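Colleague: What shape does this take:
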Amino acid sequence: MDLRNMITQVRLKLKDTRVRVFQQPEIIFALNEGKDELVKIIREANESFFETTVTGTISSTTTPNASIVTLPADFAQLRDIKITTAGYQDTVFQRLNHSDPRFQNSLLDGGSFANGMGVFFYDFQGLSTMLLAPGSDIDLAYSLDYIKTVTDMVLPTDTPTEIPAEHHGFIVTWGICECMRMVEDDRLDQYESKLEFQRNSVIAGVNTRQAKEPTFVTGFMEEEYWG
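Modeller: Sure, this is the predicted structure:
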């Protein structure tokens with residue numbers, strides 16, 4: 001379901017299709033809040049759900065420069081990084097603030113990975129760069145496992161990337177609840193109950209998604225009680 005369809009669903013449930021009480025930016029903000037909450041639920045239920053892997057090369061550099069790994073645009077959290085070049089797979093990566101004297105001293109000492117050195121200190125700089133000390137004296141291939149971000153949706157046709165379509169309804173219900181809360185709508189309790197039902201369905205769904213296809217059930221949930 002794309003963002004435009006989500007906005008339409010929210011307005012239909014709120015009976016806000018003619019004289020509009022809710023401004024479009026308000027609804028979009030609420031829907032992206034729902035997306036963030038859904039991502040949180042999915043991560044808590046299955047911490048590796050948004051995990052993916054990229055490969056690259058740590059290029060050699062000269063002392064006292066750090067080697068650099070450019071992080072993917074959708075990088076959110078590091079899970080693992082390892083060297084894949086034959087003979088160097090035992091290289092260890094240790095997190096250390098780049099202002100730490102040990103980090104700085106290792107930059108000055110320089111890397112001797114070609115002669116058997118086996119430890120990198122690493123730290124993050126900004127949103128897109130991982131610094132490595134000492135700078136490597138040889139090119140080394142690496143594999144990086146990380147958790148992906150799920151970016152905010154914008155018009156006209158954005159969808160919540162990486163989130164299974166069968167769980168998009170949670171985002172819509174969240175948006176409805178936020179709008180109802182603004183105007184103290186009497187139906188808020190009903191929709192908050194629906195939100196809790198969907199939350200439980202998401203938790204169950206992300207843990208079984210690899211085992212079988214989702215089963216969709218229609219009935220009173222959408223047409224009778226939640227109308």
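
Colleague: Spell out the residue ranges of the strands in this structure.
Modeller: 51-58, 67-70, 75-83, 92-95, 119-125, 129-133, 140-148 (DSSP state E).

Colleague: Just the buried positions in the fifth one, please.
Modeller: I take that to be strand 119-125. Neighbour counts using 16 or more other CB atoms under 10 Å place 120, 121, 122, 123, 124 of strand 119-125 among the buried residues. Using the backbone N, CA and C atoms, a C-beta is placed for each residue, glycine as well.

Colleague: so the third one bridges to which residues?
Modeller: Right, residue 122. residue 95, residue 132 (DSSP bridges).

Colleague: Please report phi then psi for the residue most central in space within the chain.
Modeller: Geometric centre of the chain, nearest residue: residue 149, 2.6 Å, by CA atoms, centre = their mean. Main-chain torsions, residue 149, degrees, to the nearest 10: phi -80, psi 160.

Colleague: ok, it - contacts?
Modeller: 74, 75, 76 (CB atoms under 8 Å, 6 or more residues apart in numbering).

Colleague: What's the ChimeraX line that selects buried ones from those?
Modeller: Selecting only the buried entries of the contacts of residue 149 in ChimeraX, with 16+ other CB under 10 Å as the criterion:
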select :75
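
Colleague: So which of the contacts of residue 149 is the closest to residue 197?
Modeller: Checking the contacts of residue 149 against residue 197 by CB to CB gives residue 76 as the nearest, at 27.9 Å.

Colleague: what's the pLDDT at the closest one?
Modeller: pLDDT for residue 76: 91.

Colleague: Relative to residue 52, how far out is it?
Modeller: 10 Å (CB to CB, to the nearest Å).

Colleague: Overlap in contacts, the two.
Modeller: Common neighbours of residue 76 and residue 52 (CB under 8 Å, 6+ apart) are 146, 148.

Colleague: hmm, back to that, just send the strands of the chain back as CSV, with distance to residue 173 too.
Modeller: Formatted as CSV, the strands of the chain follow (distance: least, CB to CB, whole Å):
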stretch, distance to residue 173
strand 51-58, 27
strand 67-70, 38
strand 75-83, 25
strand 92-95, 39
strand 119-125, 36
strand 129-133, 38
strand 140-148, 24
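
Colleague: Could you look over these and pick the most buried one?
Modeller: Greatest average neighbour count among the strands of the chain goes to strand 129-133 (a mean of 22), per mean count of other CB atoms under 10 Å.

Colleague: Using CSV, write down the CA coordinates of that strand.
Modeller: Extracted in CSV, the C-alpha atoms of strand 129-133 (Å, rounded to 0.1, in the frame of the first residue of the first chain):
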residue,chain,number,x,y,z
THR,A,129,31.9,6.8,7.3
MET,A,130,33.6,4.2,9.4
LEU,A,131,37.2,5.1,10.4
LEU,A,132,39.8,2.3,10.8
ALA,A,133,43.0,2.6,12.7
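
Colleague: roughly how far is that strand from the heart of the chain?
Modeller: Averaging C-alpha positions (CA atoms, centre = their mean, to the nearest Å) puts strand 129-133 22 Å from its chain's average.

Colleague: which helices and strands does that strand pack with?
Modeller: Judged by 3 or more CB pairs under 8 Å, 6 or more residues apart in numbering; DSSP states H and E, the packing partners of strand 129-133 are strand 67-70, helix 101-109, strand 119-125.

Colleague: Give me the neighbour count for residue 62.
Modeller: 9 (other CB atoms under 10 Å).

Colleague: So what does the closest residue to it other than its chain neighbours have for phi and psi?
Modeller: Leaving aside its sequence neighbours, residue 62 sits nearest to residue 135 (CB to CB, 6 or more residues apart in numbering; 7.0 Å). The phi/psi pair for residue 135 (degrees, to the nearest 10) reads phi -60, psi 140.
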